[in-house]
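Colleague: Sharing a model prediction with you, sequence too.
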Amino acid sequence: LSSRRAGSRLAQRLAQQVPPLRPNQNSLPRSLEGEHTMATVAVAAPCFGALRCDAEFDRGFRSITPRRVERRAAFDIGSGTTKLLVAEVDVEAKRCVRVVFTRERPVLYGVDARRTGGRLSEDVQQEGLAVLRSLLQDAEKAQAHTVVGVATEVFRRTSNGSEYVARISEELGLPVRVVDQSVEALLGFRTAGAISKIPESELVMWDCGGGSFQLVASPPAGGEQLRMHLGAFGDAVVTAMLVEMQGRSFAAKQSPNPVSNKEACDLISLLLERLPTAPSWLKGSQGVVAIGGRNSMFFLLADMVNSGVCDAFVNGEDLGTVQVDSDNCPESCELTAAAAKAAIKAAAGCSEDDLAKQWCWRPNSDPPAMVLPKLCLIAASLESFGISSFVWSRTVGNCPGIAISEPAELGCAHADN
């Protein structure tokens, strides 16, 4: 392979074009998230995401009959974060039987596109290529046999998004397929089903990235199609909205900080005007399960509630509960609309440096410019959707669903190490 393919043995391309992935009833696995995660799990997914996790499964099925297990690297290239999962996949059963490695790296494609008027600049393309090159090397060290990748919202709507995706394949040998929002939503629904104990008939998945959001519920009684509520509002989009609402050019200044409490309230009002009208099946839902990683708006809110900084801004309202890992890092929570409003008050008026020290200090964190926009988007969304609370679990994007999909469906490359 040529040197401009990063010297990676993973850098191979499909010899033929394949059709884009379409929503179907294929199962998706449970998503585990973390830096260099090592774990053994198994997940099964009957129709519409009824998944299970069984610590004895791997040993059990091996003793019954040999199955083809393939180590796959799955890339989820989002509007704000690029995510990688390396996992061993039971190809026939469509299960992740062992999570080998995960990593998330911020690349603010969505912010860049807003700043440049709908195109991806050469600077962000170079940054993205460097991150992907590094992650490909990580996947090679993890001895991944197959590489699969998808790209989402920002690449659907920028004028040169498809050109950049082609460039990824040409320069890195990593074929990436741009999937539509309904496929993105379906992958998220399967992931939410995998991590939640909420009955599937009551489950509503909520995913929100840099450029778009998706809420998905199971079909109505007697129906076959998943119910979806989709919108082109993510934290990068809302950050640009706030800067422009302040009367500034986002091309010249990408941070709205410090943000006053009034400005935050005005942003919520603007979002309520612009968010698409929520369908009746969503209003008042009690089984909302949000998914997202360390840079998601849900993680930020959980982190703030866990720190206790929100306690001074409530008058007896219930904020919810947060579960953390051994590093005191949020991994799941159940939070209320009151928590979002309290977090906004706690962050309002803070300088860029203060927000960076408090909430953006972890490696590869999003910039402090996005703190208030994320919190305002949660508050506005809950009000718009008619939802009083939600559950969140930390995931590595939609990588698990990508990993169990057949390579040809996503336009993947095979690499024999």
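Modeller: All right, it came through fine. Residues are numbered from 1 along each chain as shown.
Colleague: Does V147 lie in a helix or a strand, and which?
Modeller: Element membership for V147, per DSSP states H and E: strand 146-151.
Colleague: For the very next helix or strand once past that strand, name the packing helices and strands.
Modeller: Downstream of strand 146-151, the first helix or strand assigned by DSSP H and E is helix 153-157. In terms of contacts (3 or more Cβ pairs under 8 Å, 6 or more residues apart in numbering; DSSP states H and E), helix 153-157 is packed against helix 109-116, helix 161-172, helix 181-195. C-betas here are computed from N, CA, C, even on glycine.
Colleague: Confidence-wise, which of the ones you listed is weakest overall?
Modeller: Among the helices and strands packed on helix 153-157, helix 181-195 has the lowest mean pLDDT, at a mean of 80.
Colleague: Strand 146-151 and that one, what's the angle between them?
Modeller: 120 degrees (axes from the mean of the first three to the mean of the last three Cα atoms, to 10 degrees).
Colleague: Make TSV out of the helices and strands packed on helix 153-157 and add distance to G287.
Modeller: What follows is those, written out as TSV (distance: least, Cβ to Cβ, whole Å):
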stretch	distance to G287
helix 109-116	29
helix 161-172	34
helix 181-195	10
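Colleague: Can you lay out the ones you listed as JSON lines showing distance to G149 and mean neighbour count?
Modeller: Listed next are the helices and strands packed on helix 153-157 as JSON lines, based on distance: least, Cβ to Cβ, whole Å; neighbours: other Cβ atoms under 10 Å:
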{"stretch": "helix 109-116", "distance to G149": "14", "mean neighbour count": "25"}
{"stretch": "helix 161-172", "distance to G149": "8", "mean neighbour count": "18"}
{"stretch": "helix 181-195", "distance to G149": "13", "mean neighbour count": "26"}
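Colleague: picking that back up, tell me the angle the strand holding V147 makes with helix 161-172.
Modeller: Taking the same axes, to 10 degrees, strand 146-151 and helix 161-172 form an angle of 160 degrees between their directions.
Colleague: tell me what strand 146-151 is packed against?
Modeller: Using 3+ Cβ pairs under 8 Å, 6+ apart, strand 146-151 sits against strand 69-77, helix 161-172, strand 177-178, helix 399-404, helix 407-410, strand 413-414.
Colleague: I'd like the ones you listed written out as JSON lines, with distance to Q143 added.
Modeller: Formatted as JSON lines, these follow (distance: least, Cβ to Cβ, whole Å):
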{"stretch": "strand 69-77", "distance to Q143": "6"}
{"stretch": "helix 161-172", "distance to Q143": "18"}
{"stretch": "strand 177-178", "distance to Q143": "24"}
{"stretch": "helix 399-404", "distance to Q143": "15"}
{"stretch": "helix 407-410", "distance to Q143": "17"}
{"stretch": "strand 413-414", "distance to Q143": "14"}
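Colleague: of all the ones you listed, which lies closest to L226?
Modeller: The closest of these to L226 is helix 399-404. By Cβ to Cβ, the value is 13.7 Å.
Colleague: can I get the CA coordinates of the strand holding V147 in CSV?
Modeller: In CSV, the C-alpha atoms belonging to strand 146-151 read as follows (Å, rounded to 0.1, in the frame of the first residue of the first chain):
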residue,chain,number,x,y,z
THR,A,146,-12.7,-5.6,9.2
VAL,A,147,-13.3,-1.8,9.1
VAL,A,148,-16.7,-0.2,8.8
GLY,A,149,-17.6,3.5,9.0
VAL,A,150,-20.6,5.8,8.7
ALA,A,151,-20.8,9.6,8.6
